[in-house]
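Visitor: quick check, what structure comes out for this input:
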Amino acid sequence: MIELAPERSRLGLHWRLGLVRLYLVVVCVWLSGFGYAAYDANRQFTRAQEFLRASDTEKRMGHPIVYDQTDVARWLTEQTERRSLALWALPLFPIGAPILYLVGMWILARLRRIGVALGSGHS
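Guide: Down below sits the predicted model:
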């Protein structure tokens, strides 16, 4: 097989490899950021649950409670939402970006085919 423009195909290969490397770096940063957010939210959620259990025990024993339990319950709800968001965001970029790339390439290939078909029909 004869290559018509070997330097052009090498350039395209270098671009693709560069984009793959950039994608891998962004995926690592994405996963570490949202992974830590999920971990931290889960840790805060567990601490809030433990605090609520301890304050219930203190209340049953007749000891005064310094903190308002509605504030702690609100904090528990915030941590639940934060954890849920982080867990949903974890696979978003690593899976979504390649899918968007493939869909974009498919659309470009279809447009090129339509353009070639229109161009050959007019000649």
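
Visitor: give me the low-pLDDT residue ranges for the chain?
Guide: Applying pLDDT under 70 to the chain flags the ranges 1-8, 120-123.

Visitor: which parts of it are helices?
Guide: Along the chain, counting by DSSP state H, helices occupy 6-61, 69-89, 92-122.

Visitor: so which elements touch the shortest one?
Guide: Contacting helix 69-89 under the criterion 3 or more CB pairs under 8 Å, 6 or more residues apart in numbering; DSSP states H and E are the following elements: helix 6-61. No exception for glycine: its C-beta is placed from N, CA and C like everyone else's.

Visitor: mean neighbour count for the helices of the chain - can I get that in a markdown table?
Guide: As requested, the helices of the chain are exported to a markdown table (neighbours: other CB atoms under 10 Å):
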| stretch | mean neighbour count |
| --- | --- |
| helix 6-61 | 13 |
| helix 69-89 | 14 |
| helix 92-122 | 10 |
